[in-house]
Each structure stands twice: as C-alpha cells, then as structure tokens.
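Chemist: The sequence isn't on hand, but the structure is:
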C-alpha cells in the first residue's frame with residue numbers, strides 16, 4: 001500500500017489516503033519521494049478547472065526521490081538512484097514525435113497527476129522513460145520545481161535555437177519568470193524583466209535581468225519598440241499583446257508558456273510587417289530535461305523556494321492559492 005494525501009472533491013482539503021498500486025509494470029519504476037514541489041497546475045487539477053480530474057485526487061508532479069523498485073524490463077535506472085519526475089509519467093514511445101525524441105508532444109502521453117496518483121505521497125510510480133536522473137550537485141530540496149516550472153521556460157531556448165546574443169524579455173516575475181531570468185542570463189542573453197511590481201525590480205536584477213520595464217507604463221513599452229528577439233510570457237492574464245508585439249525586432253517571437261485564459265487579440269499586420277511569430281510550448285522531453293538539469297548544475301541555477309513538511313500540505317497549498325509564495329513551494333520530509 002502507498003500512503004498519500006488526496007482530495008475527495010473539487011477544492012477539497014487534502015487528507016491522508018492509502019491505495020494499492022498493484023503490480024509494478026515491467027517498464028515502470030517506483031520512487032521513494034523525498035520532496036515535491038507544488039505548482040499552479042496542481043491547484044487547477046485540484047479544483048477541476050480543466051474538467052477531467054478524477055477523485056480521490058493525489059496531486060504532485062515536481063518529484064525528487066530515489067528509485068526503490070524497477071520493473072522487469074527497466075535497464076536505464078537502478079535501485080538507489082536519485083531521480084526526478086515531472087508533468088509526464090509515461091509516453092507511447094511508438095508515435096512519430098516519440099521516435100523523433102519529442103516525447104513531450106506525444107498525444108498519448110500520461111500525466112503524472114491525471115489517471116494516476118501523483119507525488120504528494122510516500123511513493124510514486126512512473127514509466128522509466130519519463131524519469132530523469134538528478135545531477136549530484138543539485139539540491140534535492142530545491143530541484144523539484146525544475147521538473148515543471150524550470151523545463152517550461154528552458155524548453156523554448158532549445159526549440160527555437162535562441163542565440164547568446166539575443167535580447168529577451170520575460171513577462172511576469174513569479175514561479176516561472178524568476179527561473180527564466182536565471183536561465184537566460186546564463187545562456188548569455190541580454191535579459192529584460194517586464195514587471196508591474198516596483199518591489200520586484202531589485203530582485204529581478206539579482207536573478208539575472210540586465211534591465212526592467214514597467215509593464216503598466218505604456219510609454220515605457222512604446223520606447224522599447226523593435227527591441228526584442230524573443231519575449232516569453234509566463235502570465236495567465238490578458239495584456240495588450242499588440243503593444244508587446246511592437247516591442248519585437250524583425251523576425252521576433254512572442255512565446256507563451258503561461259496559459260492566458262482569454263483569446264489572444266492580435267492584429268495580422270503586426271505579424272506580417274516584421275515577419276514576427278506567436279507561439280507556445282509545454283514542458284520538454286526527457287532529453288531536454290536532462291540538458292536543463294546539467295545546465296542548471298553547471299551554472300548554479302536553482303528555484304527560490306519556501307519549504308513545508310508534508311503534514312503541512314494544506315497550509316502550503318493555501319499559501320500558493322493566495323499568491324503569497326516566493327517563488328515556489330516545496331514539500332519535504
């Protein structure tokens with residue numbers, strides 16, 4: 001039996017929950033959970049915002065732990081190995097995107113917290129393909145958010161071949177944005193933070209921004225016309241996207257990793273005149289996650305976290321729900 005924390009209804013409190021995971025599948029591994037980050041996606045699933053949450057629901061998809069069991073056909077991971085698990089717990093491994101290494105785009109990929117129980121537990125199971133070894137120098141109590149928040153902002157750098165000479169803006173300096181600043185600075189880019197919070201300007205510079213722009217000041221935005229090769233938006237609110245498009249250089253890209261809930265109101269001429277692009281991306285493939293972890297280890301990149309014990313789980317969830325987290329919340333033993 002596996003001991004976990006589960007909600008029985010949308011928005012419900014997380015309570016102690018025990019379940020039988022059954023036989024370990026031949027291509028799966030079991031992980032003893034050491035720590036697990038809490039992501040806004042956990043809250044969305046907890047509240048059934050996307051309409052497909054199954055209850056009882058065990059959240060948690062930013063897992064760090066050690067392998068305690070391996071399936072009969074697993075050769076890539078060993079018992080006792082320190083690993084991490086993110087948004088996906090498995091892939092079909094047979095479709096074109098999987099065969100090309102883009103497992104994160106597999107249409108049959110299994111969510112760690114969808115159709116199975118997640119990492120707010122003593123143990124969690126996943127397909128070995130979805131589990132990535134943790135580099136030795138990364139702090140296990142901080143590394144969990146890299147497996148969702150970190151890879152979400154790192155993936156575009158790889159997918160779009162962002163150059164070290166690029167000038168990149170980051171919209172929203174929170175759970176995703178504070179990691180984007182660190183990765184972009186280490187990548188070699190000139191990094192600009194768009195933020196509406198005066199109090200975050202100093203910290204944005206400390207995290208890697210070379211400059212800041214007040215996102216509520218239309219004059220500041222207009223002065224940045226034609227400036228950026230890439231803008232990464234991490235927010236989930238409606239902004240004047242045409243104004244942001246005007247700040248892109250020719251062939252620039254406005255890229256969404258934050259799921260803004262309202263349709264994008266974008267004029268076609270804003271794209272056509274400068275051959276600009278609008279795009280989005282999810283988390284990365286296991287191979288890209290490995291690259292990100294190696295890059296983070298090499299450059300000393302880690303999330304800014306607050307830690308709670310697993311038995312403080314509801315207190316931790318409420319802190320994130322109220323928008324008070326600075327910047328990521330992690331549950332530890």
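Modeler: It's in. Predicted model, so just to flag it, every value in this text is computed and none were measured. Numbering: from 1, shown residues only.
Chemist: All the helices of the stretch 1-150 of the chain, residue numbers only.
Modeler: Counting by DSSP state H, counting those that start in this stretch, the segments of the stretch 1-150 of the chain that form helices are 40-46, 96-99, 140-143, 149-159.
Chemist: Please identify the deepest-packed of the ones you listed.
Modeler: Each of those was assessed for mean neighbour count using mean count of other CB atoms under 10 Å. The highest is helix 149-159, with a mean of 25. All C-beta spots, glycine's among them, are computed from the backbone N, C-alpha and C.
Chemist: Tell me the strands beside the very next helix or strand once past that helix, with direction?
Modeler: The C-terminal neighbour of helix 149-159 among helices and strands, as given by DSSP states H and E, is strand 167-171. Looking at strand 167-171 with DSSP bridges, its paired strands and their directions are strand 190-195 (parallel), strand 228-233 (parallel).
Chemist: Following element in sequence after strand 167-171, please.
Modeler: Counting by DSSP H and E, the element after strand 167-171 in chain order, helix or strand, is helix 177-187.
Chemist: and that following helix, what does it pack onto?
Modeler: Applying 3 or more CB pairs under 8 Å, 6 or more residues apart in numbering; DSSP states H and E, one finds that helix 177-187 contacts helix 149-159, strand 167-171, strand 190-195, helix 199-207, helix 286-299.
Chemist: and the angle for it with helix 286-299?
Modeler: Counting by axes from the mean of the first three to the mean of the last three CA atoms, to 10 degrees, helix 177-187 lies at 70 degrees to helix 286-299.
Chemist: Tell me how many other residues surround the closest residue to residue 261 other than its chain neighbours.
Modeler: In space, not counting the residues next to it along the chain, residue 261 is nearest to residue 236; the distance is 6.1 Å by CB to CB, 6 or more residues apart in numbering. Burial of residue 236 is recorded as 14 neighbouring residues (other CB atoms under 10 Å).
Chemist: Would you confirm that residue 236 contacts residue 258?
Modeler: Yes: with contact defined as CB atoms under 8 Å, residue 236 counts as touching residue 258 (5.0 Å).
Chemist: Select, out of the strands paired with strand 167-171, the one closest to residue 3.
Modeler: Counting by CB to CB, residue 3 lies closest to strand 228-233 out of these; the figure is 38.5 Å.
Chemist: Helix, strand or coil: sort out the residue nearest to residue 261 for me.
Modeler: Classification of residue 236 into helix, strand or coil gives coil, according to DSSP: H, G, I helix; E, B strand; the rest coil.
Chemist: mind giving me JSON lines with the strands paired with strand 167-171 and columns for mean pLDDT?
Modeler: Conversion of the strands paired with strand 167-171 to JSON lines gives the following (pLDDT from 0 to 100):
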{"stretch": "strand 190-195", "mean pLDDT": "96"}
{"stretch": "strand 228-233", "mean pLDDT": "98"}
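Chemist: Quick one, which of those gets closest to residue 123.
Modeler: Between residue 123 and the strands paired with strand 167-171, the shortest gap by CB to CB is with strand 228-233, which sits at 34.8 Å.
Chemist: ok, then the element right after the closest one?
Modeler: Later in the chain than strand 228-233, the nearest helix or strand by DSSP H and E is helix 241-246.
Chemist: Run through the neighbouring helices and strands of that next one.
Modeler: Based on contacts counted as 3+ CB pairs under 8 Å, 6+ apart, the elements that helix 241-246 packs against are helix 218-223, strand 248-256, helix 268-272.
Chemist: about what we covered before: same list (the helices of the stretch 1-150 of the chain) but as JSON lines, adding mean pLDDT and distance to residue 224.
Modeler: As requested, the helices of the stretch 1-150 of the chain are arranged in JSON lines below (pLDDT from 0 to 100; distance: least, CB to CB, whole Å):
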{"stretch": "helix 40-46", "mean pLDDT": "96", "distance to residue 224": "28"}
{"stretch": "helix 96-99", "mean pLDDT": "97", "distance to residue 224": "36"}
{"stretch": "helix 140-143", "mean pLDDT": "96", "distance to residue 224": "33"}
{"stretch": "helix 149-159", "mean pLDDT": "98", "distance to residue 224": "20"}
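Chemist: nearest to residue 170, of the ones you listed?
Modeler: Distances from residue 170 to each of the helices of the stretch 1-150 of the chain were compared using CB to CB; the minimum, 8.1 Å, belongs to helix 149-159.
Chemist: Mind listing residues that contact that closest one?
Modeler: Identification of contacts with helix 149-159 by CB atoms under 8 Å, 6 or more residues apart in numbering yields 37, 39, 62, 86, 104, 162, 175-177, 179-180, 183-184, 187, 230, 232, 234, 255, 257, 281-284, 288-289, 291-292, 295-296, 301, 303, 328.
Chemist: Among these, the buried ones, what's the PyMOL command?
Modeler: Only the buried entries of the contacts of helix 149-159 go into this PyMOL selection, using 16 or more other CB atoms under 10 Å:
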select buried, resi 37+39+62+86+104+162+175+176+177+179+180+183+184+187+230+232+234+255+257+281+283+284+288+289+291+292+295+296+301+303+328
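Chemist: per-residue pLDDT, residue 237?
Modeler: The predicted local confidence for residue 237 comes out at a pLDDT of 89.
Chemist: Count the residues that sit near it.
Modeler: If you count neighbours by other CB under 10 Å, residue 237 ends up with 11.
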